[in-house]
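J.: next input, structure requested:
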Amino acid sequence: MMLAAFACAAPAQSVQDAKALGCFADNRDGDPQGVRGRDLDGAAFRDPSMTVARCLDLCRAQGFRYAGLQDGSACFCGNGYGRYGSGGAVCETACAGDPARTCGGEWANSVWDLQQGAPAPSTGPTAGQAPWLGLQIQNVPDDIAASSGLGAPLGALVAGVTAGGPADRAGLRQGDIVLRFNGTGIANARALVPEIARTRTGDAVEIEIFRDGARQVVTATIGARNAP
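T.: I've put the predicted structure just below:
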């Protein structure tokens, strides 16, 4: 959905039935005019008189669980948040329509839970299950980094792939080195784990790997750890 401009704000509903969750980073490589690749990727609106209550009302009306305010006048809605973490996110921009409140920051969302901690709505048979790729990973040893042509021991070395799992179906194999995951650089095996955890089952993710002396990109669809 494209960012829609609204000339005026509707009467605001109280924010007392929602809970502020904090400041979370958005994806700077996401669609600047829409929601593709954004942290809250359900719908987006822009209002020159944006307030917290206005954004919450817009997301409620669309049936979403979470609302996020960004850069003073933008509102994003979705059923999940936090895939890009909170590190470096700064939410200090006053709301365009209510300077006494904060409405996110540059590429950062002030996120609100519209159901105050109620269970997240189901979005399919794998909803609520842990995201899963079916990879066993380890840090890249110095000797493998040197012999592969990579040079520095960067990324996460694929030590094993679960047969029939999402990584296997995407074409990943033992010996590949994961360098980027969904646009985020991977310094070591430990760095890859939280990036996978930020995804949701059914997400299509781009994985940049180093194989046979060259970089290439594969696309995998996140599965569910407890799926049959």
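
J.: any low-confidence regions in this structure?
T.: 1-14, 116-130, 225-228 (pLDDT under 70).

J.: now the most centrally placed residue in the chain. Nearest residue, chain neighbours left out?
T.: For the chain, the residue nearest the mean C-alpha position is Arg83 (2.9 Å; CA atoms, centre = their mean). Excluding the flanking residues, the one nearest Arg83 by CB to CB, 6 or more residues apart in numbering is Arg198, at 3.6 Å. For every residue, glycine as well, the C-beta is placed using N, CA and C.

J.: surely Ala145 is within a helix?
T.: Yes - assignment of Ala145 by DSSP: H, G, I helix; E, B strand; the rest coil places it within a helix.

J.: quick check: it touching Leu157?
T.: No - under the criterion of CB atoms under 8 Å, Ala145 makes no contact with Leu157, lying 9.0 Å away.

J.: have a look at those two and say which one is more surrounded.
T.: Leu157 (23 against 19; other CB atoms under 10 Å).

J.: which residue ranges make up the domains of the chain?
T.: The record's domain parsing of the chain by automatic domain parsing lists 4-113, 131-224.

J.: deepest in the core, which of those domains is it.
T.: Of all those, domain 4-113 has the most neighbours on average by mean count of other CB atoms under 10 Å, namely a mean of 19.

J.: ok, Asp39 touching Gly68?
T.: Yes - at 7.0 Å, Asp39 counts as touching Gly68 under the criterion of CB under 8 Å.

J.: shared neighbours of these two, anything?
T.: Residues touching both Asp39 and Gly68 (CB atoms under 8 Å, 6 or more residues apart in numbering): Phe24, Asp26, Phe76, Gly78, Tyr81, Asn109.

J.: so Val193, which of the three states?
T.: Assignment for Val193 (three-state DSSP): helix.

J.: distance of Lys105 from Cys77?
T.: Actually, residue 105 is Gly. It isn't Lys. Distance, Gly105 to Cys77, by CB to CB, to the nearest Å: 18 Å.

J.: coming back round to it: what strand or helix carries the residue nearest to the centre of the chain?
T.: Assigned by DSSP states H and E, Arg83 falls within no helix or strand.

J.: now swap in Asp17 and tell me
T.: Counting by DSSP H and E, Asp17 is part of no helix or strand.

J.: contacting residues for the residue nearest to Arg83?
T.: By CB under 8 Å, 6+ apart, the contact list for Arg198 reads Gly82, Arg83, Tyr84, Gly85.

J.: please name the bridge partners of Glu206.
T.: Beta-bridge partners recorded for Glu206 (DSSP bridges): Thr219.

J.: the residue lying closest to Leu192 once chain neighbours are set aside and Val193, how far apart?
T.: Leaving aside its chain neighbours, Leu192 sits nearest to Ala156 (4.4 Å; criterion: CB to CB, 6+ apart). To Val193, Ala156 is 9 Å away according to CB to CB.

J.: next: Leu154.
T.: Distance of Leu154 to Val193, computed by CB to CB: 16 Å.

J.: all helices for this protein, in order.
T.: Remark: helices assigned in the chain by DSSP state H are 52-61, 142-148, 166-170, 189-197.

J.: ok, now which ones touch the nearest residue to Phe64 once chain neighbours are set aside?
T.: Setting aside the residues directly before and after it, Phe64 is nearest to Cys77 in space (CB to CB, 6+ apart), at 4.0 Å. Cys77 makes contacts with Leu40, Gly42, Ala43, Ala44, Phe45, Leu58, Cys59, Gln62, Phe64, Tyr66, Ala67, Gly68, as judged by CB under 8 Å, 6+ apart.
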